[in-house]
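**Student:** I'd like to go over a predicted model; first the sequence, then the structure.
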Amino acid sequence: MAAKKNNVKSNDPEKVVEKEPLCDDLAGEGCGLKKVLNIVGGKWKIMILCVIDKEGTVRYGDLRRSVFGITNTMLATSLKEMENDGLVERKQYMEMPVRVEYSLTPKAESIVPILLQLKKWGEENL
């Protein structure tokens, strides 16, 4: 579905520039921005992505210690959701005790440059 473009006046009175809106239908399920916010939004998911991006492969306990203030329940829930959304890969080793490691998928790695731009914007504007 192609995005509608809004006509915006430029400094040149004879020139009209087309501007793509962030979301055509804010309540619609087809909005790409809404989809992104649904899978990386919230208090913890971006922090989890940051730790895994920095470390490469991370064990559950290391994640728990690195994401200050997160509860075991919230970490487990967030990781499960991120795995279901295709952002993290979970690898379990059949050892005693069981060892579980998490790493970013190519899908998650593709959003890292966008998050870096958001980080830079925040540093410059907030």
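**Tutor:** Perfect, thanks for sending it. Residues are numbered from 1 along each chain as shown.
**Student:** Leu104 contacts Leu87, correct?
**Tutor:** Yes: the pair Leu104 and Leu87 passes the contact test of Cβ atoms under 8 Å, sitting 7.0 Å apart. In this view, the C-beta of every residue, glycine as well, is placed from N, C-alpha and C.
**Student:** any residues in contact with both of these two?
**Tutor:** Leu49 (Cβ atoms under 8 Å, 6 or more residues apart in numbering).
**Student:** which residue lies farthest from the center of this protein?
**Tutor:** Glu14 (40.2 Å; Cα atoms, centre = their mean).
**Student:** so that residue, which of the three states?
**Tutor:** Following DSSP: H, G, I helix; E, B strand; the rest coil, the label given to Glu14 is coil.
**Student:** need the strands for the protein, in chain order.
**Tutor:** With strands called from DSSP state E, the chain shows them at 6-9, 16-19, 57-59, 88-93, 99-104.
**Student:** and the ones you listed, which is most packed in?
**Tutor:** Among those, strand 99-104 has the highest mean neighbour count (mean count of other Cβ atoms under 10 Å), at a mean of 18.
**Student:** that one pairs with which strands, and in what direction?
**Tutor:** strand 57-59 (antiparallel), strand 88-93 (antiparallel) (DSSP bridges).
**Student:** who touches it?
**Tutor:** Contact with strand 99-104 is made by 49, 52-53, 56-60, 63, 79, 87-93, 112, as judged by Cβ under 8 Å, 6+ apart.
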